[in-house]
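Q: what shape does this take:
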Amino acid sequence: MVTMMMHQHQNHGNPPANSAAIGSIRSPHNHTQNHRLPSPLPLPLPLEAPCRIRLLDILPYDGAPMASYLRAVDALSTSLMRHNAAVIELSSDDAALLRCALESARLYFRTRKGGRGVYTYRAGRPLEDVDSSPPCMADIFRCMGRAARAVLSAIARNLRLRSDVFNHLLDDCPLPANEASSSILVATFSQISSQQGKVATVGGKLASSCEVEKGLLMLISSDAPGLQVCDPNGRWYQADVSLAPGELLLLSGKALSHATAGLRPAASYRAMSDNATIPVNGGRTSLAFKLMPQGNAILDCNPIVAAGHVIPQSYVPISVSQFMDDLSAEEDVLCNHTDYVPADNLNREPSLRSVLSDPLSGAFLEDAMLVSCGHSFGGLMLTKVIETVSGASA
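A: Predicted coordinates:
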């Protein structure tokens, strides 16, 4: 025992060689203590806390997949299935750039826009006036775009697809000359009313209205919490309560839901109409990057079928332009009904994948099997799934 204690004392402060690969899932309260060594095992997370994934761990690279990459991909999938959201941790340089952009956007809106407003940046737009836009928008567009593409690649790998399977939906990078991007970056400043203590309306929409992202993914950064997300069981929770200004909240969109045949459903979200965490007259600044597919691309589920997934027949190939047009009427309904939750945002018991998968981790059940005469499920694990889903829905 004495010898062991002396050995531990001598090695105090020397991290193990593989410490950088440990801990893809992090506690939501550890973003101010990155100098501490991560635990070899994932720290317990509150029920309403999305998992934290380092962007460095999911960036594509050549060669065999490392353990840190596999853990991060699994953590990302787990968080999306449990919470319909995840938190992406950027590098220190990118986090500093993001914080600078948030401060610059806040100053821009307070000095030029009368205290509130929305600015949409689209890369490659010929009439983009740098002097009339918040600073750092081009840099943030590249930073968040790189993160969004890495996340999309990791989602594909978790579904047993090629990591570049969705690349045909995206803009070429870098963009061709004289071509505007399909993706956009939206800067928003919401002023707090001292009389009502509520977030003012922005862009003609109530701050508490329910919305669903229409694109593939959305990454959100803000300088104050104030966003609720609906989990797969239909419960609303504050998703950005532990989000630092240099981190990104990930939400999946309708286009990704269709491209994956519902395996990655779109997340519903809404801004909190009464948020005591925002100082009165202080306001909330946010940056939202929306990874959008090209209008002439086709949303096709054939790669999902080829990977062995069973999908409903309702998921047929459709052009992105037609798909977006069909969502316009639904978007109006979502914006006008606060308590409305889209059907694809909830767990659906008839889904074959929901029955064959663990309701928490998303992993396929060990004793579930598919035979030529039909589907056969392990009795004990299936009973556990039904009890878990029934208890969560109660």
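Q: confidence score at V241?
A: Predicted confidence (pLDDT) for V241: 88.
Q: again, but for T285
A: 91.
Q: can you name the residues bridging to it?
A: F189 (DSSP bridges).
Q: low-confidence regions, the stretch 51-200 of the chain specifically.
A: 113-116, 127-131, 192-200 (pLDDT under 70).
Q: and the helices in it, which stretches?
A: Secondary structure of the stretch 51-200 of the chain (DSSP state H, counting those that start in this stretch): helices at 55-58, 67-83, 92-112, 137-158.
Q: can you put these in TSV and add mean neighbour count?
A: Just so you know, the C-beta spots here come from the backbone N, C-alpha and C atoms, and that holds for glycine as well. Formatted as TSV, the helices of the stretch 51-200 of the chain follow (neighbours: other Cβ atoms under 10 Å):
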stretch	mean neighbour count
helix 55-58	22
helix 67-83	21
helix 92-112	18
helix 137-158	22
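Q: out of the ones you listed, nearest to G226?
A: helix 92-112 (13.4 Å; Cβ to Cβ).
Q: and for that closest one, what are the contacting residues?
A: 55, 89-90, 115-117, 119, 133-137, 139-140, 143, 147, 187, 189, 221-223, 244-248, 283, 285-287 (Cβ atoms under 8 Å, 6 or more residues apart in numbering).
Q: that older thread, for D171, find the nearest of the helices of the stretch 51-200 of the chain.
A: Using Cβ to Cβ, the helices of the stretch 51-200 of the chain put helix 137-158 closest to D171, at 8.9 Å.
Q: check which helices and strands the closest one sits against.
A: Helices and strands touching helix 137-158, by 3 or more Cβ pairs under 8 Å, 6 or more residues apart in numbering; DSSP states H and E, are helix 55-58, helix 67-83, helix 92-112, strand 117-121, strand 184-190, strand 217-222, strand 247-252, strand 284-291.
Q: between these, which one is closest to H168.
A: Once the helices and strands packed on helix 137-158 are compared by Cβ to Cβ, strand 284-291 is nearest, at 13.9 Å.
Q: ok, then the element right after the closest one?
A: strand 298-299 (DSSP states H and E).
Q: coming back round to it: out of the contacts of helix 92-112, which end up buried?
A: Listed as buried from the contacts of helix 92-112 are 55, 89-90, 116-117, 119, 133-134, 136-137, 140, 143, 147, 187, 189, 221-223, 244-248, 283, 285-287; burial here means 16 or more other Cβ atoms under 10 Å.
Q: contact partners for S153?
A: I58, P60, S163, D164, F166.
Q: ok, it to V73 distance?
A: Here S153 is placed at a distance of 9 Å from V73 (Cβ to Cβ, to the nearest Å).
Q: touching both of the two, which residues are there?
A: Counting by Cβ under 8 Å, 6+ apart, the contacts common to S153 and V73 are I58.
Q: C136 - nearest residue in space that isn't next to it in sequence?
A: A101 (4.2 Å; Cβ to Cβ, 6 or more residues apart in numbering).
Q: contacting residues around the closest residue to L250 other than its chain neighbours?
A: Spatial nearest neighbour of L250, chain neighbours left out: A86 (4.5 Å); criterion: Cβ to Cβ, 6+ apart. Going by Cβ under 8 Å, 6+ apart, A86 touches P50, C51, R52, I53, A75, L76, S79, L80, L249, L250.
Q: quick check: buried residues in stretch 221-237?
A: Neighbour-count burial for stretch 221-237 [16+ other Cβ under 10 Å]: 221-233, 236-237.
Q: pull the CA atoms of that stretch into PDB?
A: The C-alpha atoms that make up stretch 221-237 are tabulated as PDB, following Å, rounded to 0.1, in the frame of the first residue of the first chain:
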ATOM      1  CA  SER A 221     -24.300  29.700 -30.000                       C
ATOM      2  CA  SER A 222     -25.500  32.400 -27.600                       C
ATOM      3  CA  ASP A 223     -24.300  34.600 -24.800                       C
ATOM      4  CA  ALA A 224     -27.200  33.600 -22.500                       C
ATOM      5  CA  PRO A 225     -29.500  30.600 -22.100                       C
ATOM      6  CA  GLY A 226     -33.000  30.800 -23.400                       C
ATOM      7  CA  LEU A 227     -33.800  27.900 -25.700                       C
ATOM      8  CA  GLN A 228     -36.100  24.900 -25.000                       C
ATOM      9  CA  VAL A 229     -36.000  21.700 -27.000                       C
ATOM     10  CA  CYS A 230     -38.600  19.000 -27.100                       C
ATOM     11  CA  ASP A 231     -37.200  15.500 -26.300                       C
ATOM     12  CA  PRO A 232     -38.400  12.300 -28.000                       C
ATOM     13  CA  ASN A 233     -41.000  11.800 -25.300                       C
ATOM     14  CA  GLY A 234     -42.600  15.200 -25.900                       C
ATOM     15  CA  ARG A 235     -41.200  16.900 -22.800                       C
ATOM     16  CA  TRP A 236     -39.800  20.500 -23.200                       C
ATOM     17  CA  TYR A 237     -36.500  21.200 -21.400                       C
END
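Q: quick check: mean pLDDT of that stretch?
A: 92.
Q: same deal with stretch 293-300?
A: So the average pLDDT for stretch 293-300 ends up being 94.
Q: for it, which positions count as buried?
A: Quick answer for stretch 293-300 (16+ other Cβ under 10 Å): P293, Q294, A297, I298, L299, D300.
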